[in-house]
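[1] here's a sequence, model it:
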Amino acid sequence: NLGVVTVNLPRIALESGGDKEKFWQIFNERMNIAEDALVYRVERTKEATPANAPILYQYGAFGKRLGKYDQVDQLFRHRRATVSLGYIGLYEVATVFYGPNWEHNPEAKQFTIDIIKDMKARVEECLSVLDEIPPQIRFPHTPTLTVQVRTAAQAEAALAAGAEELNVLLLDSHTRDGLTDAEVLVLAERCPLLVSLPPLIKTPEEEAHLTARLQALHDGGITRFMVANIGQIKLVDDLGIDFMAGDYQLNLTNDLTAAALSQIGLSRQTISIEMDHARMQELSAIGTIPLELVIYGRLPAMNTRCCPMGNSVGARETDQPCTRPCVRKDYALERDGRRYALVGDRFCNVYILNDRTYSLLGHLKEIAALSLDYWRIAGEFMTPQEISDIVQETRALRAQILSESDAQALHIFQTNTTDGHFVKGVR
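    As a prediction, this is how the structure comes out:
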C-alpha cells in the first residue's frame, strides 16, 4: 500500500450548515483533493530507485528482482499495489441532517448509502485513470511491444510504426550495416532501449571487439543489456553492468530455470521458443521476474562458425583469406526444395535463417491472458518495411484484444508462417 487519505465527513457536514446542496458541493471539492493526494503518493513513490531499498526491490521481497537503475513503477502497475481512500464519521453526518436516533429513518439511511456509493464510483474512476486502460477491460496487463533491430533503417521503421522499446542487436554483417555506438546512444535518448549481445562469440578478437563496444556504450549511459548464453553473463558482469536480461537461447522452460537465472543476476528473461501454451501458463504464474515472449520474426534455424559459403565455394582455409565474399542472396537448398537464407557477420559466423517466418500472432488472445511483460518482434533479419507492417498489425491486434472486441483476421496470418510454441513448426 502506497498511502492512505481519510476524508473527514462530519467536518463537511458541519461546514454545510445542514444544507445538502452545499454538503455535496464541499464533498466534491474534498474528494478531488483526496484524489490529488493519492495520485501524488503514487508519483512520489515512483521517484524511488531500487538502490533505495535493495531487499524490497532488487532481491525479490516485492515479488520481482530489479536492476539498480530500473524503474520501480513496474512493480506497482496493473493493481499490484494500492492506495487507500478512507472516511470517518458517517453516523455523525446523518446526525447533522436528521438529528440523533436516525437509525430507523429510511431517508437518512439512504443518504449515508449515497455518500458511500459516490466514493466508490470515484475510486473506480480513479483506478481506470491510473491503469491507463478502461475499467471494463479485464486483461490484467498491457505488454510492452519491443522490436529487435540491427540497422538504423530497421530502428527508424520500428519507431515510426509505434514500437515502445528497441532491442539493438550488436551484429554487423559482412557489409558493416549494423548500428554504430554513436547511433545506439542517440536512439537511447529517443526511446527505452536494450542492447543485445550476438549469440556467437568464438575468438579472442571477437570478444575484445565486443567488450570494447559494451564498455563504450556503458560509458555513454546504456544501462540495460541482454545476453544469449551463460558465458556472456560474466562478460557483462565484469564491466560493472547492473541490468542483464536473458534471451531465448538460455532456454527458459520452467520455474527452476527462472529461479537459477534470477540468482545469477538476470533481471528479465525471455521464454524459450520451444515452450507450449500450457507450460507458458505455469511459468507466467510464478510472477517473480519480468517475462518476454518472441511473437514474430525471422529466427535463425542454426548459428554456426562453419561457413557453408566459404567452405564450399570460397576455398576458405584457416591460414588463407576467403575468396568468396559473403552476399545476402546466398542460401542453403534442402532436398525438398526449401531455401534457408544465409547471413554472415564480419567474423565469418553464419546465421542460417528458418525458411518460414516464426509467428504467434494467431494466438495473441491466449497470450494476452498470460500477463507477460514484453512481446518481441524479432526484426533483426527483416526489412524495414516488413518491420513497419508487423508493428502496426500487432499494435492493432493488441488494441482489439485488450478492448475485448472480436479480433479481425489480419492478412499477416495468411503468410508463410509457423505456429510457434503452439504447433511445432520451426524447422
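[2] relative to residue 339, how far out is residue 333?
    Distance of residue 333 to residue 339, given as CB to CB, to the nearest Å: 6 Å. Where you see a C-beta, it was placed from the backbone N, CA and C, and this is true even at glycine.
[3] residue 262 too?
    Separation of residue 262 from residue 339 (CB to CB): 40 Å.
[4] burial of residue 182, as a residue count?
    10 (other CB atoms under 10 Å).
[5] next: the one 3 residues further on.
    Taking other CB under 10 Å as the neighbour definition, residue 185 ends up with a count of 17.
[6] residue 89 too?
    18.
[7] residues in contact with it?
    Residues near residue 89 by CB atoms under 8 Å, 6 or more residues apart in numbering: 8, 9, 10, 11, 13.
[8] ok, back up a step: neighbour-wise, which of residue 262 and residue 339 wins?
    Using other CB under 10 Å, the more surrounded residue of residue 262 and residue 339 is residue 262, with 20 against 11.
[9] need the pLDDT of the more buried one.
    Note on residue 262: pLDDT of 82.
[10] report the buried residues of the host helix or strand of it.
    If you go by DSSP states H and E, residue 262 is part of helix 255-263. Judged by neighbour count (16 or more other CB atoms under 10 Å), helix 255-263 contains these buried residues: 257, 258, 261, 262.
[11] and the contacts of it?
    For helix 255-263, the surrounding residues in contact (CB under 8 Å, 6+ apart) are 60, 65, 246, 250, 251, 252, 269, 282, 283, 286, 288, 289.
[12] and after that helix, which helix or strand comes next?
    strand 266-270.
[13] who's in contact with the following helix or strand past that following strand?
    Next helix or strand after strand 266-270 toward the C-terminus (DSSP H and E): helix 277-284. Contacts with helix 277-284, where a contact means CB under 8 Å, 6+ apart, come from 252-255, 258, 271, 275, 291, 293, 363, 366-367, 370-372, 421-422.
[14] residue 86 belongs to a strand, doesn't it?
    Yes - assessed by DSSP: H, G, I helix; E, B strand; the rest coil, residue 86 belongs to a strand.
[15] OK, contacts around it?
    Per CB under 8 Å, 6+ apart, neighbours of residue 86: 4, 5, 6, 7.
[16] try 7 Å
    Neighbour list for residue 86: 4, 6 [criterion: CB atoms under 7 Å, 6 or more residues apart in numbering].
[17] so residue 37 sits in a helix?
    Yes - judged by three-state DSSP, residue 37 forms part of a helix.
[18] restrict stretch 284-293 to CA atoms and write it as PDB.
    In PDB, the C-alpha atoms belonging to stretch 284-293 read as follows (Å, rounded to 0.1, in the frame of the first residue of the first chain):
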ATOM      1  CA  SER A 284       3.800 -16.900 -16.100                       C
ATOM      2  CA  ALA A 285       2.000 -17.800 -12.800                       C
ATOM      3  CA  ILE A 286       5.300 -17.500 -10.900                       C
ATOM      4  CA  GLY A 287       5.400 -13.700 -11.200                       C
ATOM      5  CA  THR A 288       8.900 -13.300  -9.800                       C
ATOM      6  CA  ILE A 289      10.600 -11.700 -12.800                       C
ATOM      7  CA  PRO A 290       9.500  -9.800 -15.900                       C
ATOM      8  CA  LEU A 291       9.000 -12.200 -18.800                       C
ATOM      9  CA  GLU A 292       9.400 -11.600 -22.600                       C
ATOM     10  CA  LEU A 293       8.000 -13.700 -25.400                       C
END
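[19] that stretch: which residues count as buried?
    With burial defined by 16+ other CB under 10 Å, the residues of stretch 284-293 counted as buried are 284, 289, 290, 291, 292, 293.
[20] helix/strand/coil for the second one?
    Translated: residue 289. Assigned with three-state DSSP, residue 289 falls in the coil class.
[21] and the pLDDT for it?
    77.
[22] my read: it touches residue 65, true?
    Yes - using CB atoms under 7 Å, residue 289 makes contact with residue 65 at a distance of 6.0 Å.
[23] OK, contacts around the residue most central in space within the chain?
    The centroid of the chain falls nearest to residue 374 when counting by CA atoms, centre = their mean (2.9 Å). Contacts for residue 374 (CB under 7 Å, 6+ apart) come out as 143, 144, 146, 290, 292.
[24] rerun at 6 Å
    Contacts for residue 374 were tallied using CB atoms under 6 Å, 6 or more residues apart in numbering; they are 143, 144, 146, 292.
[25] in CSV, list the contacts of residue 89 along with neighbour count.
    Formatted as CSV, these follow (neighbours: other CB atoms under 10 Å):
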residue, neighbour count
8, 14
9, 23
10, 16
11, 15
13, 25
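[26] inside strands: which ones of those?
    residue 8 (DSSP state E).
[27] the host helix or strand of residue 126 packs against which elements?
    Using DSSP H and E, residue 126 falls within helix 106-131. Using 3 or more CB pairs under 6 Å, 6 or more residues apart in numbering; DSSP states H and E, the elements in contact with helix 106-131 are helix 90-98.
[28] so for the helix it packs on, mean pLDDT?
    On average, the pLDDT along helix 90-98 is 93.
[29] same thing with stretch 219-236?
    90.
[30] appreciated, that's everything.
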